[in-house]
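Colleague: Prediction below, plus the sequence it came from.
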Amino acid sequence: MIKAGIIGGAGYTAGELVRLLLNHPETKIVFIHSNSHAGKRITDVHEGLYGETSLVFTDELPLNMIDVLFFCTAHGDTKKFLESHNLPENLKIIDLSMDYRIQSDDHDFIYGLPELNRRATCTAKHVANPGCFATCISLGLLPLAKNLMLKDDVTVNAITGSTGAGVKPGSTTHFSWRNNNISVYKAFDHQHIPEIKQSLRQLQNSFNAEIDFIPYRGDFPRGIFATIVVKTKVGIEEIERMYEEYYEKDSFVHIVKENIDLKQVVNTNKCLIHLEKHGDKLLVISCIDNLLKGASGQAVHNMNLMFNLEETVGLRLKPSAF
């Protein structure tokens, strides 16, 4: 059994991670760390887990008792933790924050997008889990980068559920504001853009165009639905072949002939992609669950790879399709 610890156990991504690991046949949760909730039952915070666990939050860190440590912490806190603690030499780390997503000589974290870095992830000691928008958008573009087809600016519009803003309430997550509402935020300046460019350049070194990304806040709890427009004269049949070929060995990305909708992926670790050609413009529609494929499900996927398990173990989940 893989023995797991979680730091930062009170948020949405942590709740989903706990749910997945409790039902993972090869994993046991040893501790869930939270200074603010120490001593409380997990179900006092994650009420959807009633009847599934008797675990309590702890402020202790028995790091020598685990094989893998998940960080579900605020951005910046993972780096602070690693700089202030001595960790066991063989302990594997999966960080769900953005602290180590950008490659640097200052760290050895692998960018954990399995559809891009599967081989490196399998032998990695430290993995940086990608951002939710970055996952959805990158998966929609990787086959084009692989075939050196990204020569112009890429237009992206994507809408996300309220859970993407985290569990701490704010003015733009309040039900009275969010319900029956939509708004734009961080236009052209979202923090996930550098991740996306890094992934595309890994396959197409010549890519130097812009990602013109407009994010929207949606009036629903979870999921990301992205529309991507790329200029190309290549025919739709050839493009579909490129996508099918790129993802043929991937368990969670599916190219769908018919138009797709968000409910087909909510509560799953899937990414669905639909392709359409309109003149010299290619429309790529990509959708994921932001808390699963965009966060905790992808973290478990990475854990499976790091411990040489079949990648779908613990992740065969039914969508909330009705």
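Modeller: Perfect, I can see it now. Numbers count the residues shown, from 1 in each chain.
Colleague: Can you show me the strands along the chain?
Modeller: 2-7, 27-33, 68-71, 92-95, 110-111, 126-128, 154-160, 183-184, 211-217, 224-231, 253-255, 271-278, 281-288 (DSSP state E).
Colleague: Buried deepest among the ones you listed, which one?
Modeller: Mean neighbour count (mean count of other Cβ atoms under 10 Å) peaks for strand 68-71 among the strands of the chain, with a mean of 26. All C-beta spots, glycine's among them, are computed from the backbone N, C-alpha and C.
Colleague: Run through the neighbouring helices and strands of it.
Modeller: strand 2-7, helix 77-84, strand 92-95, helix 297-306 (3 or more Cβ pairs under 8 Å, 6 or more residues apart in numbering; DSSP states H and E).
Colleague: Out of the ones you listed, flag the one nearest His278.
Modeller: For His278, the closest of the helices and strands packed on strand 68-71 is helix 297-306, at 31.0 Å, according to Cβ to Cβ.
Colleague: Identify all contacting residues around stretch 68-75.
Modeller: 2-9, 11, 13-14, 17, 63, 77-78, 81, 87, 91-99, 296, 299, 303, 306-307 (Cβ atoms under 8 Å, 6 or more residues apart in numbering).
Colleague: and if you look at stretch 261-274?
Modeller: Contacts for stretch 261-274 (Cβ under 8 Å, 6+ apart): 135-136, 139-140, 220, 222-223, 225, 243, 252-260, 284-289, 292-293, 297-298, 300-301, 315, 317-322.
Colleague: for it, how far is the first residue from the last?
Modeller: One end of stretch 261-274 to the other measures 10 Å (Cα to Cα, to the nearest Å).
Colleague: list the buried ones in that stretch?
Modeller: 262, 264-274 (16 or more other Cβ atoms under 10 Å).
Colleague: excluding its backbone neighbours, what's nearest Gly131?
Modeller: Once flanking residues are discounted, Gly131 sits nearest to His192: 4.3 Å by Cβ to Cβ, 6 or more residues apart in numbering.
Colleague: ok, the one you found to Ala226 distance?
Modeller: Going from His192 to Ala226 by Cβ to Cβ, to the nearest Å gives 11 Å.
Colleague: Common neighbours of those two, please.
Modeller: By Cβ under 8 Å, 6+ apart, the residues touching both His192 and Ala226 are 133, 137.
Colleague: on that earlier part again, for Thr172, find the nearest of the strands of the chain.
Modeller: strand 211-217 (6.0 Å).
Colleague: Just name whatever secondary elements that closest one is in contact with.
Modeller: helix 132-146, strand 154-160, strand 183-184, helix 193-203.
Colleague: Next, format those as CSV and append distance to Asn23 and mean pLDDT.
Modeller: What follows is those, written out as CSV (distance: least, Cβ to Cβ, whole Å; pLDDT from 0 to 100):
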stretch, distance to Asn23, mean pLDDT
helix 132-146, 22, 98
strand 154-160, 25, 98
strand 183-184, 36, 96
helix 193-203, 29, 98
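Colleague: Need the winner for burial among those.
Modeller: helix 132-146 (a mean of 26).
Colleague: I'd like to know which elements it is packed against.
Modeller: Counting by 3+ Cβ pairs under 8 Å, 6+ apart, helix 132-146 packs on helix 114-122, strand 154-160, helix 193-203, strand 211-217, strand 224-231, helix 236-246, strand 271-278, strand 281-288.
Colleague: Let me have the ones you listed in JSON lines, extended by distance to Gly131.
Modeller: As requested, the helices and strands packed on helix 132-146 are arranged in JSON lines below (distance: least, Cβ to Cβ, whole Å):
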{"stretch": "helix 114-122", "distance to Gly131": "14"}
{"stretch": "strand 154-160", "distance to Gly131": "11"}
{"stretch": "helix 193-203", "distance to Gly131": "6"}
{"stretch": "strand 211-217", "distance to Gly131": "11"}
{"stretch": "strand 224-231", "distance to Gly131": "10"}
{"stretch": "helix 236-246", "distance to Gly131": "21"}
{"stretch": "strand 271-278", "distance to Gly131": "14"}
{"stretch": "strand 281-288", "distance to Gly131": "11"}
